[in-house]
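> whatever this is, show me its structure:
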Amino acid sequence: MDERIESRLRSAGFDVLGMYGGQDGPTVTEVFREVVHIDAEPVERIRRGDAHAGRVVDERWRARARAGRLVADDGSFLAAAGMELGWVRVRLTERTSISAMEDQPGELLFIARSLSGHLALAASAEGGEYWLLEAEFREVL
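Residues are numbered from 1 along each chain as shown. Just a heads-up that it's a prediction; the model follows:
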């Protein structure tokens, strides 16, 4: 486990359960290509200039993740650790803040995938907005 990534996830309020060694479902690279590309259309748009934009990102991300069954019954799912490192299994907590994953102010990119691999959900900063981007992987269903 990369200490910097583990620290970053813990700082955002996740329980870090360890690297995911499973080979089923899409890779980080495959998910990235589906959700982050020039023609990507967000499923949610949140204005970055709004006073509570971070809270809104967190609330809408959680709602979409739960509705799409991205989050397992125990609150766990996979978070991208990077193209080379793959997936990290994490668990949502009451302290979890997706918006805290910003690399630098205004630069948010967080990519998550269900354990089964059927759904991916990303949060990114695009211009003056935060976007939530979703991709289904039907071959996994």
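> now for residue 75, how many residues are close by?
14 (other Cβ atoms under 10 Å). Quick note: C-beta positions are derived from backbone N, CA and C, even for glycine.
> so it sits against residue 93, correct?
Yes. At 7.5 Å, residue 75 and residue 93 qualify as touching, with contact defined as Cβ atoms under 8 Å.
> need the overlap of contacts for these two.
Counting by Cβ atoms under 8 Å, 6 or more residues apart in numbering, the contacts common to residue 75 and residue 93 are residue 15.
> ok, for residue 20, nearest residue in space, not its chain neighbours?
Among residues not flanking residue 20 along the chain, residue 87 sits closest, at 4.0 Å (Cβ to Cβ, 6 or more residues apart in numbering).
> next, the contact list for the one you found, please.
Residue 87 touches 19, 20, 22, 28, 78, 79, 80, 81, 113, counting by Cβ under 8 Å, 6+ apart.
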